[in-house]
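Colleague: Have a look at this prediction, sequence included:
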Amino acid sequence: MLGTVLDIDGGFKREKRHSPIPQAACNLIWELKPTQMMRRKNNNKHYFTRMSTRKKVHAFVRVRPTDDFAHEVIRYGDDNKSIDIHLKKDTRRGVVNNQQTDWSFKLDGVLHDASQDLVYETVAKDVISQALDGYNGTIMCYGQTGAGKTYTMTGATENYKHRGILPRALQQVFRMIEERPTHAITVRVSYLEIYNESLFDLLSTLPYVGPSVTPMTIVENPQGVFIKGLSVHLTSQEEDAFSLLFEGETNRIIASHTMNKNSSRSHCIFTIYVEAHSRTLSDEKYITSKINLVDLAGSERLGKSGSEGRVLKEATYINKSLSFLEQAIIALGDQKRDHIPFRQCKLTHALKDSLGGNCNMVLVTNIYGDAAQLEETLSSLRFASRMKLVTTEPAINEKYDAERMVKNLEKELVLLKQELAIHDSLANRSLVNYDPMDEIQIAEINSQVRRYLEGTLDEIDIINLRQIQEVFNQFRVVLSQQEQEVECALRRKYTLIDKNDFAAISAVQKAGLMDVDGHLVGEPDGQGFGLGVAPFSAKPGKKAKSKKTFKEQLRPSTPPSKPVAFEDFKNERGSEINRIFKENKSILNERRKRASETTQRINAIKQEIDMTKEALNFQKSLREKQGEYENQGLMIIDEEEFLLILKLKDLKKQYRTEYQDLRDLRAEIQYCQHLVDQCRHRLLTEFDIWYNESFFIPEDMQVALKPGSSIRPGMIPVSRIMSLGEDDQDKFSQLQQTMLPEGPDSISFYNAKVKTEQKHKYLKTMMGLQQTQRK
Ligand code: ADP
Ligand code: MG
């Protein structure tokens, strides 16, 4: 077993990490884009993007090759996923806890005598591959100095075969880009060194970068964490990327000499930034990812005994930062913890969005296989097994290209405008402008709204949605202005007190300006605008009562019923119309009486005529029977017949006269009837007006109705009349009915007539009122 390459793949199956997704999980997949499907054909793996499943951090152990491997002490499990340490009680007495002699560490794989190739395949390949789909990835090498961290991460820079994860990762990235012509993928790199809690840019030596003026700082924003001042380099090909890597490596070595830095005491973070935009879709979405390749400082316990100065400082910083890293990782592993202490040191702060979280995370713990290093090896293995417990939830970093989004929206806007224009022309609408309104248009709408509220504009034409919204907007503007005006008017007249300001209220009550019920002095029934204080002109003390009594004198609190009021009206304001009405009516009645007498007479005459005609006919037939006498061509008739003829003649004459009289009378009756109708109508209309003026008209209108004002008495809004109590209205209808000689059928006719006239008067009243208000 020893000296052979352990079958790592046997212990760690990659297919398991990307095993076929179960049906239920497939339901989570959304937006599998055509390009992604295409890519799936090319490469059968992991294109179930956006899927977020919990994953453990993968912890591997790489053992540095040695001729002196501690077979007795270090044993690998059969599955190569565990390391057992067994100590003979006496081997390292005093150094390790002699109470415990056996340890077992669960891992994801043990890399013993593994080639750089195999290490990359096992540790990094999938992380890099997923990074191109938008998943952040972090690979860290942990372990004591000399255990092979740098060898694992960077490898031998002079020997291609022994190159480490870093150059291989860059190679894979560029190879994958070539395989994805459907995407425009950019690669950028940066190389950061953290030494004694200070940040160093390992690529600052490049001529186009120049030394930074201000020290670098770690900055957090919603997009993640970035280091302000750290140079980030766009690389379009593998070679450029390698050059940057070597530049950084060289600087790392130089710095260790010139700045007296011990390279094993610093943490180095090489970051590859990937950004992929689809070439085929004009999609504003794009993906980004970050691959952090971290070569940590040596984990050995330093300064345990006798360290001084620089060494002590280094020891403190390294031990602290590694223990903070461990704390952060433990916190990440504890799902109940909602706070992760990332900001305790530069290392964890810089890696905040690359540790755990939504990343694919892999830890390589480098250990010695020598018994002499057992203490540090045990410590490193403990760290590895703790790391393995941490779960992450890898997720795609999807971003929106604001510029592209704006362009797409602009395109859509143009299309929609064209569409609207087509619709308008089909609907025969004259060219409607859909652009945002300017100040003049808004002012015009404001004026329309005002005219509409005043009643001078019947309706506001609908043009488009924007205009409708502006109309509503202006309604609000006008309303709030009016509210302010009302409030201002009230404030000019009253001192307003906050309803909840009890101190102020009691002060006012004490001053006698307000009764205990909170009613205003001088406000009838307390129905004012909230609480208020009467103006100085209102005398405290006498107050509401006297005023109310005065008002009651003016008008009763409940108006009399209409029939009763009508009687009053006929004797007072309506007496003249009533007199004329009565007169006309009596004339009408008199004419009707005469007409009926005439008719009777006519009928009598007609009867007599008929009788006379009959008698005459009888005489005539008698004469014919007896034989006729003729004298010189003249018919001789007897006296009786002659008298009958004369009588008939006279009757006919009478009939004609009477008939003429009747016709004249009928015309007169018709005319009189018309006069009476008019009078009745006038009487009722005037009554209506009088009734409402006397019992319903609001006070403010009284002013307008006073003599000399623009409104003459009798102009009362129809709405007032319409809003009469039901009972009153019914009674009044009955009253009207009894007064109508034509019977109930004519009611609707008169009602319509009355209403039309009232409406007309109402409009005139309103206009008159507006005029007085303007004055
Ligand atoms: P660290 O970075 O952990 O301090 P290094 O990577 O610098 O350790 O390794 C120390 C020495 O051991 C280097 O000379 C390196 O080449 C060598 N080394 C480490 N691991 C291996 C390995 N797996 N195979 C061959 N040489 C190794
Ligand atoms: Mg090193």
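Modeller: Looks like it arrived, so ask away. Remember, predicted model here, so these are calculated numbers, not experimental data. Ligands and ions are numbered 1, 2, ... in the order given.

Colleague: Closest residue of the protein to ligand 2?
Modeller: At 3.1 Å from ligand 2, residue 150 is the closest residue in the chain, using C-beta to the ion. Yep, even glycine has a C-beta here, placed from its N, CA and C like the rest.

Colleague: The helix or strand hosting that residue vs ligand 1: in contact?
Modeller: Element membership for residue 150 (DSSP states H and E) is helix 149-153. Yes. Helix 149-153 comes into contact with ligand 1 (C-beta under 6 Å from any ligand atom), by way of 149, 150, 151.

Colleague: so the last one touches residue 164, yeah?
Modeller: Yes. Under the criterion of C-beta atoms under 8 Å, residue 151 lies in contact with residue 164, with a separation of 6.5 Å.

Colleague: Neighbour count: these two, which is higher?
Modeller: residue 164 (25 against 19; other C-beta atoms under 10 Å).

Colleague: and the residue lying closest to that one once chain neighbours are set aside, how far is that from residue 167?
Modeller: Distances taken as C-beta to C-beta, 6 or more residues apart in numbering put residue 155 closest to residue 164, at 2.8 Å, once the chain neighbours are dropped. For residue 155, the distance to residue 167 equals 7 Å [C-beta to C-beta, to the nearest Å].

Colleague: could you say what helices and strands the longest helix along the chain packs with?
Modeller: Of all the segments assigned as helix in the chain under DSSP state H, the longest by residue count is helix 639-695. Contacts defined by 3 or more C-beta pairs under 8 Å, 6 or more residues apart in numbering; DSSP states H and E place helix 639-695 against helix 562-571, helix 575-626, helix 718-722, helix 726-739, helix 747-774.

Colleague: so what's residue 667 scoring on pLDDT?
Modeller: pLDDT, residue 667: 85.

Colleague: Begin at 25, not 1, for the rest of this chat.
Modeller: Sounds good: first residue 25 from here, last item residue 691.

Colleague: Within range of ligand 2, give me the residues from the stretch 125-274 of the chain.
Modeller: By C-beta under 5 Å from the ion, the part of the stretch 125-274 of the chain that sits against ligand 2 consists of 173, 174.

Colleague: which bits of the stretch 125-274 of the chain sit near ligand 1?
Modeller: Residues of the stretch 125-274 of the chain lying near ligand 1 by C-beta under 6 Å from any ligand atom: 167, 169, 170, 171, 172, 173, 174, 175.

Colleague: Which two of the residues you listed have the greatest separation?
Modeller: Within these, two members stand farthest from each other by C-beta to C-beta: 169 and 175, at 11.9 Å.

Colleague: Spell out for me which residue occupies the centre of this structure.
Modeller: Centroid-nearest residue in the chain: residue 493, 14.7 Å away (criterion: C-alpha atoms, centre = their mean).

Colleague: how about it, phi and psi?
Modeller: Main-chain torsions, residue 493, degrees, to the nearest 10: phi -60, psi -40.

Colleague: That one and residue 671, how far apart?
Modeller: 95 Å.

Colleague: go on, residue 184?
Modeller: As judged by C-beta to C-beta, residue 184 and residue 671 stand 159 Å apart.

Colleague: More neighbours: which of these two?
Modeller: A direct count of neighbours by other C-beta under 10 Å for residue 184 and residue 671 places residue 671 higher, at 16 against 10.

Colleague: Find the nearest non-adjacent residue to that one, please.
Modeller: Nearest-residue entry for residue 671: residue 636, 5.3 Å, with adjacent residues in sequence omitted and distances by C-beta to C-beta, 6+ apart.

Colleague: My guess is that neighbour contacts residue 673. True?
Modeller: No. Using C-beta under 8 Å, residue 636 and residue 673 do not qualify as a contacting pair, with a distance of 9.4 Å.

Colleague: Settle it for me: which of these two has more neighbours?
Modeller: Neighbours of residue 636 and residue 673, each counted by other C-beta under 10 Å, are more numerous for residue 636; the result is 20 against 11.

Colleague: May I see the buried residues of stretch 582-601?
Modeller: 583, 586, 589, 590, 593, 594, 597, 598, 601 (16 or more other C-beta atoms under 10 Å).

Colleague: Quick check: closest non-adjacent residue to residue 244.
Modeller: Spatially, and ignoring its direct neighbours in sequence, residue 244 is nearest to residue 376 (7.1 Å; C-beta to C-beta, 6+ apart).

Colleague: meant to ask about residue 710
Modeller: Spatial nearest neighbour of residue 710, chain neighbours left out: residue 598 (5.6 Å); criterion: C-beta to C-beta, 6+ apart.

Colleague: so what's residue 354 closest to, chain neighbours aside?
Modeller: Per C-beta to C-beta, 6+ apart, closest to residue 354 is residue 410, 6.3 Å.

Colleague: repeat for residue 111
Modeller: In space, residue 111 is closest to residue 125, 4.4 Å off (C-beta to C-beta, 6+ apart).

Colleague: What of residue 100?
Modeller: Using C-beta to C-beta, 6+ apart and skipping residues adjacent in sequence, the residue nearest residue 100 is residue 134, 5.1 Å away.
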